[in-house]
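**Student:** Predicted model and sequence follow; I will ask about them next.
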Amino acid sequence: MSRAAVWAVVLVAGFLLSGLVTAVSYTTESAPVSHAAPMPFKILTPSAPDSRVTTASGSTPLVSTHGTWTTSSFFNNIQVTVSDPYVGPFSQFATVPTINTIPMAATGFWLNISTDIPIFTANITIWGNQWPDRNVSEPISGFNPSAPATFSMLVNPAPANNTASFYFNCLEYFWPGSSLGFNLSVTGNPSYHPSPSTLWSAGPPGQGAGQYASEWPAGSADYATWLANVQTPWISPQFNSSIIVSTSPSVLTSPAYEPNSVQTLQIYLTPVQLPGFPTATIPAAQINYTVVQGVKHDVYIVDFIPPNGTLAYLPAPIGPFPNSTIFFNVTAWLPWNGGSGEVDPIYSPIYEFKWSPNGGWVFPDQPLLNNVAMYCNPDILSAPNTVIPAGQPVTCNINEPTPNVTMSLSQINYVFTDGVGRHSGTLPMTLSSANNASSVTIPGLPPDTTLTFFVEAKDFMGNPVFSQNFTYRTSTSPPATLPGGRGLFFFEGLDISGTGLIPNLQFTISNATWSESRNGSSLGFGFPLIPGSETLLLPLGAGAYLLTVTAFGQTQTATVNVAPGNPFTVLFYFASQPIAPTGESNLPVMTVASGGGLIFAAVAAGVTVPWFSDRRAKALAEQRRVTL
C-alpha cells in the first residue's frame with residue numbers, strides 16, 4: 001500500500017473514532033513511490049579484486065614471514081582492508097567496539113583480505129537490521145540476525161591466490177539507515193600446513209573469543225568483529241529529533257495564532273543541525289492534510305520544495321479555509337536507487353488547528369499605536385517638531401505584531417504648510433505580501449516648511465484605527481548625502497484664487513544637454529527626480545536651467561540658476577478662476593479752491609507714496625525669488 005493510502009486510512013480511522021466522518025472526498029497530488037521489497041541475496045562476483053590495499057585502523061596484521069601460519073591469532077596472519085570502489089580506501093574502519101560509518105552516497109564497498117600463503121576458502125558471515133520504520137526495526141532481508149548469512153568470498157586466481165574479496169552491495173541490500181555486523185573465517189591451503197588450518201576473526205562457532213555478541217533464543221549468538229551503520233539523513237527515527245515543523249502564522253506554538261478568514265498558511269521544515277556534523281538537509285518530504293468543514297472532509301497531498309534543501313516549504317501556501325479544522329502530518333524520506341524508491345522514512349505526529357473567522361484589530365476601539373508598531377526613518381516620531389534637512393525623504397512603517405491580524409488599507413493624512421500657502425491630502429501606504437505591515441515614503445520637503453500628519457489603518461474587515469498627529473519641519477540645510485558640487489531646488493505653484501498650493505504640477509526642466517518632464521508631488525510642490533523614483537530628489541550640477549510649469553491651462557517659465565549650497569524654492573502664481581475686486585469706495589465730489597486743492601493733494605501724497613513704495617518693494621522681492 002502506498003504512503004498516501006496508508007495515511008489516508010490512518011486519518012480517516014482517527015476521524016471515525018472521534019465520530020467526525022460521515023462523508024469523505026479526496027483531492028490528491030502525486031505521492032512518492034514506495035520501494036520494492038529487497039531481492040534475495042546473491043553473491044556478486046567482482047570483475048577484478050580491488051588492488052587498492054591499505055590497512056585500516058584496528059585491522060593491522062603482523063603478517064608471518066614463515067610462509068605459513070604459526071599462531072591462532074587472526075590479525076597476526078590476515079590483513080583486512082575496506083574501500084569504496086569509486087573513492088578508495090576508507091580512512092577509518094576499525095574492529096569492535098567501534099561502530100563504523102558507511103557514507104550515505106556509497107553504492108557499496110569492498111572488503112579485501114590478504115595473507116602470506118594461498119587461501120583455500122574464505123567465508124564472511126553477515127547480519128543486520130533495516131532503518132526502523134515507525135520505530136520498529138526489521139531484519140535486512142536475507143541477513144536476519146537470528147539466522148546470519150554466510151557467503152564465500154572470491155579467492156583470486158594464482159599468483160594472487162593469497163588474496164580474497166567480497167563486495168557489500170549497499171544499493172540493493174544495505175540501504176542508508178541499516179546496521180551491520182560481520183566476521184570472517186579463512187582456511188589456508190593444506191599444502192602449506194597452516195596451523196591452525198582455519199583462522200576465525202571472532203573465534204570458532206560457539207566460541208566468541210571475547211568478541212561482542214548478540215544473544216538469540218536457543219542459545220545462539222552473533223559474534224561481531226566489525227560493526228557498521230550506513231549513514232542516514234536523520235538524527236534518529238523520531239521525527240521531532242530530526243526535523244522542526246513551523247508555520248506562518250504560527251499554529252503550533254503556545255499561544256497558537258489561528259489564521260483568519262483571508263489568510264493563507266505556509267508550512268516550513270528545518271532539519272536539526274548538530275554541532276560538528278555536516279550540514280543536514282531534507283532529501284524529500286510530503287504533507288498530507290485534511291480540511292474538515294462540518295460533514296465534509298477534503299484530503300490533500302503536496303510535496304515540499306526544494307528537494308535536498310536546508311529549508312523546505314510548500315510550493316504555495318494552503319487556504320484560506322474559514323471556519324474549518326485542519327489535520328496534517330508530514331513524511332520525510334530519502335529517495336533511493338535513482339529516485340525509483342524511497343528509504344529511511346520518518347513520520348511526524350498529526351497536528352491540528354482551526355481556521356478562525358476572526359482576525360480584526362485586537363483593540364479596535366483604541367488608537368492605532370495600541371494595535372500596531374510604528375517607526376519612521378529618520379525618526380520624526382520621538383519628539384514634536386523634529387527638524388530634518390530640506391530634501392530628506394522620510395519612510396514610515398506600521399507593523400501588526402499579532403500574526404493572525406491582517407490589514408487592508410492604510411494611508412497618511414497630511415497638511416503641508418509653506419510660508420505662502422498650504423495643501424492637505426492623503427498618501428496611500430503599500431501593504432506587505434503577508435498583509436500585516438504597510439509602508440510609505442514621504443518625499444523630501446522644501447526648506448523651511450512643515451508637515452503634520454496622522455496614520456489611518458484598516459483591518460481586513462474595514463475597521464479603522466487612527467494615530468495621533470505627528471509634526472516635523474525642515475531646515476534650510478541640504479541632506480548630508482548631497483554630493484559635492486551639486487545643488488537642489490524646489491518649486492511651488494500658488495493658486496491666488498484661494499485654493500492654496502497646487503498639487504501634481506506639470507513641469508519640464510532642461511538645460512543644453514538634458515531635460516525631464518513629469519508631474520510634481522501631490523503634496524503641493526515639485527522637484528527634479530532621479531529617473532524611476534517618485535521620492536528621491538535629483539541633485540543638479542551648477543548652471544542655468546529652464547523651468548516651465550503649467551497649471552489651469554496657464555504656462556509660466558523661469559530661468560533657475562543652480563549652485564552648490566542650501567536648497568531654495570521658486571514660486572509661481574496661478575489663478576484657477578477670475579479674481580473679483582475685494583471692495584470699492586465712492587468719494588464725494590468736493591469743490592475746493594485751487595490753493596486748497598494743492599494743499600489736499602500734498603497731504604494725500606504723504607499717505608499714498610509710502611504705500612506704493614511698500615507694494616513695489618514686495619513685488620521686486622517676489623520677482624527676485626521667481627527669477628533667482
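**Tutor:** Perfect, thanks for sending it. Residues are numbered from 1 along each chain as shown.
**Student:** Contact partners for Gln273?
**Tutor:** By CB atoms under 8 Å, 6 or more residues apart in numbering, the contact list for Gln273 reads Thr279, Ala280. In short, each C-beta sits where N, CA and C put it, glycine included.
**Student:** Over to Phe321?
**Tutor:** By CB under 8 Å, 6+ apart, Phe321 lies in contact with Val291, Gln293, Trp355.
**Student:** So which of those residues belong to strands?
**Tutor:** Members of the contacts of Phe321 lying in strands (criterion: DSSP state E): Val291, Gln293, Trp355.
**Student:** Looking at those, which one is closest to Thr535?
**Tutor:** Closest approach between the ones in strands among the contacts of Phe321 and Thr535, by CB to CB: Trp355, at 38.9 Å.
**Student:** The closest one bridge partners, please.
**Tutor:** Trp355 forms beta bridges with Ser324, as assigned by DSSP bridges.
**Student:** now Asn329
**Tutor:** Asn288.
**Student:** That one contacts Pro349, doesn't it?
**Tutor:** Yes - between Asn329 and Pro349 there is a contact at 6.8 Å, judged by CB atoms under 8 Å.
**Student:** more crowded one of these two?
**Tutor:** When Asn329 and Pro349 are compared for neighbours, Asn329 comes out ahead with 19 against 10, by other CB atoms under 10 Å.
**Student:** if I pick Leu529, what's in contact with it?
**Tutor:** Contacts for Leu529 (CB under 8 Å, 6+ apart) come out as Glu516, Arg518, Thr535, Leu536, Leu537, Leu538.
**Student:** can you count the residues close to the second one?
**Tutor:** By other CB under 10 Å, the residues close to Arg518 number 15.
**Student:** was I right about it contacting Phe507?
**Tutor:** Yes - using CB under 8 Å, Arg518 is in contact with Phe507, at 7.1 Å.
**Student:** So which helix or strand of this protein has the lowest pLDDT on average?
**Tutor:** The helix or strand of the chain with the poorest confidence is strand 25-26; it has a mean of 30 (mean pLDDT, DSSP states H and E).
**Student:** and the next element down the chain from that strand?
**Tutor:** Remark: after strand 25-26, the chain's next helix or strand is strand 79-84, criterion DSSP states H and E.
**Student:** Parallel or antiparallel, list what pairs with the following helix or strand past that next one.
**Tutor:** Next helix or strand after strand 79-84 toward the C-terminus (DSSP H and E): strand 88-89. Applying DSSP bridges, strand 88-89 is found paired with strand 79-84 (antiparallel).
**Student:** Return the distance of the partner strand from the chain's centre.
**Tutor:** Relative to its chain's centre, strand 79-84 lies at 44 Å (CA atoms, centre = their mean, to the nearest Å).
**Student:** if you average pLDDT over it, what comes out?
**Tutor:** Averaged across strand 79-84, the pLDDT comes to 91.
**Student:** ok, now stretch 186-194?
**Tutor:** For stretch 186-194, the per-residue pLDDT averages 90.
**Student:** can I get the CA coordinates of it in PDB?
**Tutor:** Only the C-alpha atoms of stretch 186-194 are listed here, as PDB (Å, rounded to 0.1, in the frame of the first residue of the first chain):
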ATOM      1  CA  VAL A 186      39.900 -18.100   6.400                       C
ATOM      2  CA  THR A 187      41.200 -21.600   5.600                       C
ATOM      3  CA  GLY A 188      44.700 -21.900   4.300                       C
ATOM      4  CA  ASN A 189      45.900 -24.200   1.500                       C
ATOM      5  CA  PRO A 190      46.600 -27.600   3.200                       C
ATOM      6  CA  SER A 191      49.800 -27.900   1.100                       C
ATOM      7  CA  TYR A 192      51.300 -25.200   3.300                       C
ATOM      8  CA  HIS A 193      50.400 -27.000   6.500                       C
ATOM      9  CA  PRO A 194      48.900 -23.900   8.200                       C
END
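**Student:** can you pull the buried residues of that stretch?
**Tutor:** Counting neighbours by 16 or more other CB atoms under 10 Å, one finds that the buried residues in stretch 186-194 are Val186, Gly188, Asn189, Tyr192, Pro194.
**Student:** Kindly report the same for stretch 135-147.
**Tutor:** For stretch 135-147, burial by neighbour count (16+ other CB under 10 Å) applies to Ile140, Gly142, Phe143, Pro145.
**Student:** returning to what we had before: show me which pair in the contacts of Leu529 is furthest apart.
**Tutor:** Glu516 and Thr535 (15.1 Å).
**Student:** Quick check: buried residues in stretch 452-461?
**Tutor:** Thr452, Phe453, Phe454, Val455, Glu456, Ala457, Lys458, Asp459, Phe460.
**Student:** Just confirm the second one is within a strand.
**Tutor:** Yes - read with DSSP: H, G, I helix; E, B strand; the rest coil, Phe453 is one of the residues of a strand.
**Student:** pretty sure it contacts Tyr414?
**Tutor:** Yes - using CB under 8 Å, Phe453 is in contact with Tyr414, at 3.9 Å.
**Student:** coming back round to it: now intersect the contacts of Leu529 with the strands, please.
**Tutor:** Counting by DSSP E, the part of the contacts of Leu529 found in strands is Glu516, Arg518.
**Student:** Reformat the contacts of Leu529 as CSV; add pLDDT and distance to Gln273.
**Tutor:** Output for the contacts of Leu529, formatted as CSV (pLDDT from 0 to 100; distance: CB to CB, whole Å):
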residue, pLDDT, distance to Gln273
Glu516, 90, 53
Arg518, 89, 52
Thr535, 73, 42
Leu536, 78, 42
Leu537, 82, 47
Leu538, 85, 48
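**Student:** Of the contacts of Leu529, which is the most crowded?
**Tutor:** Ranking the contacts of Leu529 using other CB under 10 Å puts Leu537 first, with 23 neighbours.
**Student:** so how far is Pro349 from it?
**Tutor:** Counting by CB to CB, to the nearest Å, the separation of Leu537 from Pro349 is 57 Å.
**Student:** quick one: which two of the buried residues of stretch 135-147 are the most distant?
**Tutor:** Spatially, the most separated pair among the buried residues of stretch 135-147 is Gly142 and Pro145, at 11.7 Å (CB to CB).
**Student:** Overlap of the contact sets of those two?
**Tutor:** By CB under 8 Å, 6+ apart, no residue touches both Gly142 and Pro145.
**Student:** returning to that earlier point: out of the buried residues of stretch 186-194, which are inside helices?
**Tutor:** Counting by DSSP state H, the buried residues of stretch 186-194 place none of their members in helices.
**Student:** about what we covered before: in ChimeraX, how would I select just the buried ones from the ones in strands among the contacts of Phe321?
**Tutor:** To isolate the buried subset of these in ChimeraX, counting by 16+ other CB under 10 Å, use the following:
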select :291,355
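**Student:** Any idea what Phe416 is bridged to?
**Tutor:** Per DSSP bridges, the residues bridged to Phe416 are His423, Leu451.
**Student:** related to what we said a few turns ago, now the buried residues of stretch 186-194 in CSV, with distance to Ser242?
**Tutor:** Formatted as CSV, those follow (distance: CB to CB, whole Å):
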residue, distance to Ser242
Val186, 41
Gly188, 48
Asn189, 51
Tyr192, 53
Pro194, 50
